[in-house]
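Asker: sequence and predicted model, in that order:
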Amino acid sequence: MDKITIFDTTLRDGEQAAGGTLNVQEKLEIARQLEKLGVDVIEAGFPISSPGDFEAVSLIAREIRTPVICALTHANPEAVDRAGEAIKEAENPRIHVFLSASDIHLLHQLKKSRDEILQMSRDMTARAKKFVDDVEFSPMDASRAEPEYINQILEAVIDAGATTVNIPDTVGYAVPDEFGGLIDGIFKNVPNIDRAVVSVHCHNDLGLAVANSLESIKRGVRQVECTINGIGERAGNASLEEIVMVLKTRGDYFNFSTGIDTTQIYKISRLVSELTGFVVQPNKAIIGANSFRHESGIHQDGVIKRPITYEIMDPKSIGIPASSLVLGKLSGRHAFQERLAELGYTMNDKDLRRAFTAFQELADKKKEVTDKDIESLVAEEQRTAVAAYHLDRIQVTCGDKGVPTAAVRLISPDGQAIADAALGTGPVDAVYQAINRLVAVPNELTEFTVKSVTEGIDAIGEVLIRIDSEGVTYTGRGADTDIIVASAKAYINALNRLLVAKKNATG
Ligand code: KIV
Ligand code: ZN
C-alpha cells in the first residue's frame, strides 16, 4: 500500500478564514493535537505576514518534533528569509514558496510577464534551499493557468531544488476529471517530475475540494493539503477528516494508507471549532452532530439489529465517545477524572482541581452532567486559565418594566478588582456597556449566538460572539448555565484575544 502524505494547513490557510484568528498559544495547542493525530506536515503559518505569525511558527518549530514543520512564503527575498528564520529550530523544517501562475493573476494582480514569474519561481526556490533541504513550490491558481506553463514552472523549480510541487486549485474552480487531466499532463510532460512529490491543495468553492483531491490521488499525487473541519479561505479547503476516512473506509477501492490515528479526529475537530469559533454544521460528513444519528424508525431498527445496516463507519474509529455515562453531584473526583481520560483529556493536578470545582458547581445546578457538559466545562476552564481579564462578579436587573442595569466586577491583568455599572437596551447590552467602561477598547459587536449544549431547561448555554476592531475580527466564547453570565464570559474572552493580538502586533 502506498502512503499518502497528509499536509495539514489548518494553522495557515484554515486560520485565513474570515473571523478565525488564533493566538500563539491556541496555535500551539492545535499543533500538539495535530501531532497526536499523526499528520505528516504541519503548515504552521506565514511568518512574513505578522509578528504574531512569526512567533507562532517559531514556537511550533521548537516544540513539535515529529511532523515536518512548514513555513509559507511568497516569492520575495525578505519573505523567504523570514520563513527560514522562523523554522530554523525545527527538527524537520520545510519552506513552502508560492507564486501566482495564471494569466488572470499575472495580468490583473502582479502585472508581470510569464518569463519574470518563471525566473522569480526559480530564484526563490533556490533561495529557500539555502535554509532547508525540504522545499515545496506552489504555482498559485494552477487550475486556471495554461497547463504547458505550469509544466515549465515545475520543471524549473525542481531543477532549482524543490522536493515537493503542489498544484493549487486556489479558487475552487476545478472539476475532478479536468483537474485529473492536469495532473496526468504533469506526470507525462515534466521530465524531472520523478525527483519531486506531487501534491494538491484544493479549495471548496464549488463543494468539490475532497473529490478533486481524491481524483488526484488516483492519478499519482502522493501529498494532499487539507484542514480540520475543512476550514480555510472563503468556502474552505479539502477537509482532512473526509479525505482520511474515505481512504480508510474505501480502502477496497483506493488501496492507500495514511499515518493518521483516526480515533483522534473527533477531539481535534472539537478543539478547532472551539478555538476558531467556527461551529461544525450538523450534517457535516464524519464529524457533524447528526453523522451517526438515525431518525427514521426503519434505520433505528436496522442499527439496533446490526450497525452495518446503516452505518458505514464505526463512530469509535473517529473517537466519538462510546458511552454516554452521566455524572451527578454525588460523583467523586476519581469518577470525574476517569471520564475526562475517556474523553481524551489529560490534566495536571492544578487544572484538574479547577475543573473538578467547576464540575461540582455545575452538578449542584444540574441533575445530570453529560459528556457534552464536561467538554464545554473543560473548554471554559481552558479559556479562562490564561485570560488577562477575569469575570469576578456580575449582577443584572431586567424585566419588561424599567431600564436593564448591570454591575460588573473584573479582575484586571495586574490582579486588581475593578468594578462599574451601566444601563442598556437589554441585560446583555447593559453587561457589555459596563465591561466597556472597565476595559475601554473600541470595538463593534458583529455576531452574537447562543445555543444550549444539551437538551433540557437546566442546560449549559454557550455564547459565541465576534467583535471587530480596526478591521480585524476576534471571536469569543463563554459557557454557563446562566446565559447572561455566558455572554459576559464570551465578551471578556474576545476582548482578551484582541488585547493579546494588539500586544503581539506592537512587539
Ligand atoms: O490556495 C492557494 O493557492 C494557497 C497557496 C498558498 C498554496 O493557499
Ligand atoms: Zn489555499
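Answerer: Here it is on my side, so go on. Ligands and ions are numbered 1, 2, ... in the order given.

Asker: hey, let's count contacts and neighbours off CA atoms from now on
Answerer: OK.

Asker: quick one: low-confidence ranges for this protein?
Answerer: Within the chain, the ranges that satisfy pLDDT under 70 run 322-325, 385-387, 504-507.

Asker: of all residues in it, which one is closest to ligand 1?
Answerer: Nearest residue of the chain to ligand 1 (C-alpha to the nearest ligand atom) works out as Thr170 at 3.7 Å.

Asker: quick check, that residue in contact with Ala145.
Answerer: No. Using C-alpha atoms under 8 Å, Thr170 is not in contact with Ala145; the gap is 10.8 Å.

Asker: quick one: which of these two has more around it?
Answerer: Thr170 (21 against 18; other C-alpha atoms under 10 Å).

Asker: now that one: closest residue in space, sequence neighbours ignored.
Answerer: Leaving aside its sequence neighbours, Thr170 sits nearest to Asp141 (C-alpha to C-alpha, 6 or more residues apart in numbering; 4.8 Å).

Asker: residues touching the biggest helix by length in the chain, excluding its own?
Answerer: In the chain, with assignment by DSSP state H, the single longest helix is helix 483-505. Residues outside helix 483-505 that contact it (C-alpha atoms under 8 Å, 6 or more residues apart in numbering): 23, 50-52, 383-384, 387-391, 394, 427-428, 431-432, 435, 441, 450, 461-467, 469, 474-480.

Asker: pull out the buried residues from stretch 104-111.
Answerer: Across stretch 104-111, burial judged by 16 or more other C-alpha atoms under 10 Å covers His105, Leu106.

Asker: again with stretch 297-311
Answerer: Buried positions in stretch 297-311, judged by neighbour count with 16+ other C-alpha under 10 Å: His299, Gln300, Tyr310, Glu311.

Asker: which strands and helices sit next to whichever helix or strand Ala421 is part of?
Answerer: Element membership of Ala421 [criterion: DSSP states H and E] is strand 417-423. Packing partners of strand 417-423 (3 or more C-alpha pairs under 8 Å, 6 or more residues apart in numbering; DSSP states H and E): strand 405-411, helix 427-439.

Asker: on that earlier part again, list the ones among the contacts of helix 483-505 that fall in helices.
Answerer: Those of the contacts of helix 483-505 lying in helices (DSSP H): Pro51, Gly52, Arg383, Thr384, Pro427, Val428, Val431, Tyr432, Ile435.

Asker: how much space separates the residue nearest to the third one when sequence neighbours are not counted from Arg466?
Answerer: Computed as C-alpha to C-alpha, 6+ apart, the closest residue to Arg383 that is not its neighbour in sequence is Asn493, at 7.2 Å. Taking C-alpha to C-alpha, to the nearest Å as the measure, Asn493 and Arg466 are separated by 10 Å.

Asker: more crowded one of those two?
Answerer: More neighbours surround Asn493 than the other of Asn493 and Arg466, with 27 against 23 (other C-alpha under 10 Å).

Asker: mind checking how far the more buried one is from Tyr389?
Answerer: From Asn493 across to Tyr389, the span is 8 Å (C-alpha to C-alpha).

Asker: spell out which parts of the chain neighbour ligand 1.
Answerer: Asp13, Phe98, Ser138, Met140, Asp141, Pro168, Thr170 (C-alpha under 6 Å from any ligand atom).

Asker: and these, which of them are buried?
Answerer: Applying 16+ other C-alpha under 10 Å to those flags Asp13, Phe98, Ser138, Met140, Asp141, Pro168, Thr170 as buried.

Asker: mind putting those residues in JSON lines, secondary structure included?
Answerer: What follows is these, written out as JSON lines (DSSP: H, G, I helix; E, B strand; the rest coil):
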{"residue": "Asp13", "secondary structure": "helix"}
{"residue": "Phe98", "secondary structure": "strand"}
{"residue": "Ser138", "secondary structure": "strand"}
{"residue": "Met140", "secondary structure": "strand"}
{"residue": "Asp141", "secondary structure": "coil"}
{"residue": "Pro168", "secondary structure": "strand"}
{"residue": "Thr170", "secondary structure": "coil"}
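
Asker: returning to what we had before: what is in contact with Asn493 and Arg466 at once?
Answerer: In terms of C-alpha under 8 Å, 6+ apart, Asn493 and Arg466 are both contacted by the residues Thr475, Gly476.

Asker: element containing the nearest residue to Val279 once chain neighbours are set aside, please.
Answerer: Distance criterion C-alpha to C-alpha, 6+ apart; nearest residue to Val279, sequence neighbours excluded, is Ser273 at 5.6 Å. Per DSSP H and E: Ser273 is located in helix 265-276.

Asker: which residues does that helix contact?
Answerer: For helix 265-276, contacts defined as C-alpha under 8 Å, 6+ apart pick out 15, 19-22, 26, 30, 33-34, 37, 228-229, 241, 278-280, 287, 318-320, 344, 379, 475, 477.

Asker: check which element follows that helix along the chain.
Answerer: Next along from helix 265-276, by DSSP H and E: helix 297-305.

Asker: hey, C-alpha coordinates of the helix or strand following that following helix in PDB?
Answerer: As assigned by DSSP H and E, the chain's next helix or strand after helix 297-305 is helix 333-342. What follows is helix 333-342, C-alpha atoms only, in PDB (Å, rounded to 0.1, in the frame of the first residue of the first chain):
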ATOM      1  CA  ARG A 333     -13.200  13.300  41.800                       C
ATOM      2  CA  HIS A 334     -12.000   9.900  40.700                       C
ATOM      3  CA  ALA A 335     -15.100   9.300  38.500                       C
ATOM      4  CA  PHE A 336     -14.700  12.700  37.000                       C
ATOM      5  CA  GLN A 337     -11.000  12.200  36.300                       C
ATOM      6  CA  GLU A 338     -11.800   8.800  34.600                       C
ATOM      7  CA  ARG A 339     -14.500  10.400  32.500                       C
ATOM      8  CA  LEU A 340     -12.100  13.100  31.400                       C
ATOM      9  CA  ALA A 341      -9.500  10.500  30.500                       C
ATOM     10  CA  GLU A 342     -12.100   8.600  28.400                       C
END
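
Asker: buried residues in the helix or strand following helix 333-342, which are they?
Answerer: Using DSSP H and E, the helix or strand that follows helix 333-342 towards the C-terminus is helix 349-365. For helix 349-365, a neighbour-count test (16+ other C-alpha under 10 Å) marks Leu352, Ala355, Phe356, Ala358, Phe359, Gln360, Leu362, Ala363 as buried.

Asker: run the angle between helix 349-365 and helix 333-342 for me.
Answerer: Interaxial angle of helix 349-365 relative to helix 333-342 (axes from the mean of the first three to the mean of the last three C-alpha atoms, to 10 degrees): 110 degrees.

Asker: for the helix or strand hosting Ala61, buried residues please.
Answerer: Using DSSP H and E, Ala61 sits within helix 51-63. Buried residues in helix 51-63, counted by 16+ other C-alpha under 10 Å: Gly52, Asp53, Phe54, Glu55, Ala56, Val57, Ser58, Leu59, Ile60, Ala61, Arg62.
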